[in-house]
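1. sequence unknown, structure follows:
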């Protein structure tokens with residue numbers, strides 16, 4: 001009898017252990033504390049829901065399951081386990097999306113040191129690995145690899161009405177890929193919505209310590225040369241070996257191409273480079289595009305425009321206006 005009890009106890013413990021192990025094995029992140037396996041379902045009822053710019057639903061319901069909106073409408077069936085929240089007299093709006101950000105991705109800092117006027121020029125890259133010859137071409141950088149949540153900044157953005165951001169590392173002429181992330185209070189693995197969402201460019205070489213390029217003309221020349229090099233590299237020339245920078249450049253061509261131009265003239269320069277190589281850039285503008293509207297329209301590009309508008313000019317005095 002005693003032996004049987006011991007066996008039954010051991011068997012019961014084994015079954016429980018197997019069940020616990022089976023449940024834990026399906027998760028890759030441990031829980032520090034009591035794990036709550038329940039799937040949260042919430043129904044926001046009787047709300048005025050703005051679905052888009054053209055559609056507003058009255059006395060509508062939004063059903064959220066496991067943190068995702070699964071239904072919106074005036075006749076949504078409520079699951080029996082849903083937590084019901086009455087939103088009568090309240091509005092539910094879509095959040096803003098910040099399409100150009102570096103949220104959660106730190107900008108690398110150039111190493112400080114004493115400038116030596118007599119030091120030789122740095123002609124080639126000092127980056128270790130099978131990368132291209134110029135440090136400003138950083139097409140191999142992936143924003144998703146660098147992303148970490150920042151609850152303080154996320155809350156500031158949420159308070160301003162943002163729920164999702166597109167983020168990338170703002171360094172270099174070719175800046176690699178951007179990542180789309182949620183501003184929800186969750187860990188990185190649950191915040192990332194799309195790992196590779198864009199390929200990013202600028203005319204600024206960033207923290208690169210390499211001498212070239214040292215001017216806007218040099219940046220334009222480097223971009224054009226890299227486009228040509230990447231086309232040549234598609235055939236995997238044996239004389240080149242492995243070039244991870246050009247390989248990433250080619251892999252990223254299928255993504256939306258975003259160019260941080262920053263003013264009306266650089267907008268046109270970036271667009272001409274894109275036209276030369278069959279790429280339609282999405283241009284991150286600087287706010288002065290209204291001064292050359294015909295030229296901007298002729299690019300047929302989509303523009304990312306700032307919403308922090310400059311202060312209106314003083315036009316009450318005709319004498320002062322003549323100098324504008």
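-> It's in. Note that this is a predicted model, so its numbers are computed, not measured.
2. alpha carbons only for contacts and neighbour counts from here, please
-> OK.
3. Residue 121 reaches residue 212, doesn't it?
-> No. Applying Cα atoms under 8 Å, one finds residue 121 not in contact with residue 212, separated by 9.1 Å.
4. Neighbour count for those two, which is higher?
-> More crowded of residue 121 and residue 212, by other Cα atoms under 10 Å: residue 212, with 19 against 11.
5. for the stretch 51-200 of the chain, what spans make up the helices?
-> Using DSSP state H, counting those that start in this stretch, the helices assigned to the stretch 51-200 of the chain run over residues 143-146, 151-159, 188-191.
6. would you list the ones you listed in a markdown table and tack on distance to residue 313?
-> As requested, the helices of the stretch 51-200 of the chain are arranged in a markdown table below (distance: least, Cα to Cα, whole Å):
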| stretch | distance to residue 313 |
| --- | --- |
| helix 143-146 | 39 |
| helix 151-159 | 29 |
| helix 188-191 | 42 |
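7. Nearest to residue 243, out of the ones you listed?
-> Closest to residue 243 of these, according to Cα to Cα: helix 143-146, at 19.8 Å.
8. quick one: contacts of that closest one?
-> With contacts defined as Cα atoms under 8 Å, 6 or more residues apart in numbering, helix 143-146 is touched by 104-106, 167-169, 176-179, 192, 195-196.
9. Quick one: the strands in this structure, in order.
-> Secondary structure of the chain (DSSP state E): strands located at 41-52, 55-65, 68-73, 83-86, 91-92, 96-101, 162-167, 174-182, 192-202, 257-260, 282-284, 303-304.
10. which other helices and strands contact the fifth one?
-> Taking 3 or more Cα pairs under 8 Å, 6 or more residues apart in numbering; DSSP states H and E as the contact definition, the neighbouring helices and strands of strand 91-92 are strand 41-52.
11. Output the contacting helices and strands for the strand it packs on.
-> With contacts defined as 3+ Cα pairs under 8 Å, 6+ apart, strand 41-52 has these neighbours: strand 55-65, strand 83-86, strand 91-92.
12. Touching, residue 95 and residue 165? I think so.
-> No. Under the criterion of Cα under 8 Å, residue 95 makes no contact with residue 165, lying 10.3 Å away.
13. ok, residue 174 to residue 81 distance?
-> Separation of residue 174 from residue 81 (Cα to Cα, to the nearest Å): 50 Å.
14. Could you check which of those two has the larger neighbour count?
-> Set side by side, residue 174 and residue 81 show unequal neighbour counts under other Cα under 10 Å, the larger going to residue 174 at 27 against 11.
15. Surely the more buried one is in contact with residue 138?
-> Yes. Residue 174 sits in contact with residue 138 when judged by Cα under 8 Å, with a separation of 5.1 Å.
16. Tell me, how many residues neighbour residue 289?
-> The number of residues packed near residue 289 is 19, by other Cα under 10 Å.
17. can you check residue 184 too?
-> Taking other Cα under 10 Å as the criterion, the count of residues near residue 184 is 17.
18. who's in contact with it?
-> For residue 184, counting by Cα under 8 Å, 6+ apart, the contacting residues are 154, 163, 191.
19. For residue 236, state which of those is nearest.
-> The closest of those, once distances to residue 236 are taken by Cα to Cα, is residue 191, at 36.4 Å.
20. Any figure for the gap between the nearest residue to that closest one once chain neighbours are set aside and residue 97?
-> Nearest non-adjacent residue to residue 191, counting by Cα to Cα, 6 or more residues apart in numbering: residue 182, 4.9 Å away. Shown here: residue 182 relative to residue 97, a distance of 9 Å by Cα to Cα.
21. Give the intersection of the neighbour lists for the two.
-> Among the neighbours of residue 182, those also in contact with residue 97 (Cα under 8 Å, 6+ apart) are 163, 164, 165.
22. Is the residue nearest to residue 191 in contact with residue 189, as I believe?
-> No. Here residue 182 lies out of contact with residue 189, judged by Cα under 8 Å, at a distance of 10.5 Å.
23. Looking only at neighbour counts, state which of the two leads.
-> Set side by side, residue 182 and residue 189 show more neighbours around residue 182, with 20 against 13, by other Cα under 10 Å.
24. For beta bridges, what are the partners of that one?
-> Using DSSP bridges, the beta-bridge partners of residue 182 come out as residue 164.
25. Next one, pLDDT for it please.
-> pLDDT for residue 182: 95.
26. which residues does it contact?
-> Per Cα under 8 Å, 6+ apart, neighbours of residue 182: 163, 164, 165, 191, 192, 193.
27. Quickly list the domain ranges of this protein.
-> 41-94, 97-107+127-304 (automatic domain parsing).
28. Out of those domains, which gets nearest to residue 34?
-> Counting by Cα to Cα, residue 34 lies closest to domain 97-107+127-304 out of those; the figure is 17.4 Å.
29. Could you tell me how far the closest one lies from the centre of the chain?
-> The offset between the C-alpha centroid of domain 97-107+127-304 and the centroid of the whole chain comes to 10 Å, using Cα atoms, centre = their mean, to the nearest Å.
30. what about that domain, start to end distance?
-> One end of domain 97-107+127-304 to the other measures 12 Å (Cα to Cα).
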